[in-house]
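[1] The sequence and its predicted three-dimensional model are supplied below.
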Amino acid sequence: MPFGLIGFLISDPINFFRALPLIILTIALSILLAITVHEFGHAAVANILGDRTARSLGRVSLNPLKHLDPLGTLFLVIVGFGWGKPVPVNPFGLKNARRDMALVALAGPLTNILLACAIGFVFRSNEFLFNVSGYTDSIYQYPINELGWRVVLSLMLSSLVFYNLFLGIFNLIPIAPLDGSKILMGILPKRQAESVARLEPYGPAIIILIVMLDMFMLGRGIFITIVEPFVKFFVQLSTGISFR
């Protein structure tokens, strides 16, 4: 969860719950947009590369309702990882199935990362937003009507940067059904790619097992440990802000 909100809850629970509507709204809208642009990226690139399946289903769209998977969204909010409704791709509709499937897989995470960096550069070009974004924990302690629209905008943009980076980088992990597995199969030699493909049916079970280990044994999330350094790097690269 971004912005040290867990620390905020522990240190000042009264103000945390006062600010809870703003926190929920900020996170929900950020996740909604992150998932939407991620799936749009997949669908748009598949369409460009020759497969019309996604277009025929209306998935080349920035309408969130076309892309949301209720269970995947719930998991992203509660557990820290999630998914949108998978974009169907017919490899026989692509010019070079192996290469193009990897490009379609890469398009989703890359769209998230590019959007996050573009939003982040807004902070560098606007001194007010840049200054406000460094004090998010204290800002959350005030009712939304006392904040002013520019402070709320700063919170939203900060959250958009975080969740787009988190979703994009998380999906690069090479475990099926995450996009990283298809990217890996596209760049490996054919024999090694076939070995990775044979492991694909076990990917969801591996992910669930890792999450269960995190919850009941290890405490520190394995996926968070993998993703967090990259998120911090891109946040600092795009916004100039370091966060703990």
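    Arrived safely, thanks for sending. Residues are numbered from 1 along each chain as shown.
[2] Could you use CA atoms for every contact and neighbour count after this?
    Noted.
[3] Using just helix, strand and coil, how would you label Pro86?
    coil (DSSP: H, G, I helix; E, B strand; the rest coil).
[4] Could you report the distance from the spatially closest residue to it that is not a sequence neighbour to Ala19?
    With Cα to Cα, 6 or more residues apart in numbering as the measure, Glu39 is the residue that lies nearest to Pro86, at 7.4 Å, once sequence neighbours are left out. Shown here: Glu39 relative to Ala19, a distance of 31 Å by Cα to Cα, to the nearest Å.
[5] Show me which of the two is the more surrounded one.
    Neighbours per residue (other Cα atoms under 10 Å) separate Glu39 from Ala19, with Glu39 holding more: 29 against 17.
[6] ok, which stretches of this structure are helices?
    Under the criterion DSSP state H, the chain contains helices at 5-11, 13-18, 20-48, 53-56, 70-78, 97-125, 127-133, 136-139, 149-170, 179-187, 190-199, 203-213, 222-239.
[7] contacting residues for the residue nearest the centre of the chain?
    Centroid-nearest residue in the chain, with Cα atoms, centre = their mean: Leu167, separated by 1.6 Å. By Cα atoms under 8 Å, 6 or more residues apart in numbering, the contact set of Leu167 is 34-35, 81, 109, 112.
[8] what's the farthest-apart pair in those?
    Within these, two members stand farthest from each other by Cα to Cα: Phe81 and Asn112, at 14.5 Å.
[9] Neighbour count for those two, which is higher?
    More neighbours sit around Asn112 than around the other of Phe81 and Asn112, counting by other Cα under 10 Å; the figures are 28 against 18.
[10] Val37 is in contact with that one, correct?
    Yes: because the distance of 6.7 Å satisfies Cα atoms under 8 Å, Asn112 is recorded as touching Val37.
[11] So what's the residue count around Met185?
    Neighbours of Met185 using other Cα under 10 Å come to 22.
[12] Residue ranges in the protein under the pLDDT threshold?
    Low-confidence segments of the chain, defined by pLDDT under 70: 1-9, 11-12, 15, 76-82, 126-152, 215, 217-220, 240-244.
[13] Let's see that with 50 instead.
    When residues are selected by pLDDT under 50, those of the chain lie in 1, 3, 133-140, 142, 144.
[14] next one: phi and psi at Pro86?
    Listed backbone geometry of Pro86 is phi -60, psi 140, with angles given as degrees, to the nearest 10.
[15] mind checking how far it is from Asn63?
    Separation of Pro86 from Asn63 (Cα to Cα) stands at 15 Å.
[16] again, but for Leu32
    In this structure, Leu32 and Asn63 are 10 Å apart, going by Cα to Cα.
[17] Comparing these two, which shows the higher neighbour count?
    For Leu32 and Asn63, the more surrounded residue by other Cα under 10 Å is Leu32, and the numbers stand at 19 against 14.
[18] Quick check, that one in contact with Leu62.
    No: distance between Leu32 and Leu62: 10.6 Å, which falls outside the contact criterion (Cα under 8 Å).
[19] Now Pro64. Nearest residue, chain neighbours left out?
    Closest residue to Pro64 apart from its sequence neighbours, by Cα to Cα, 6+ apart: Thr36 at 5.2 Å.
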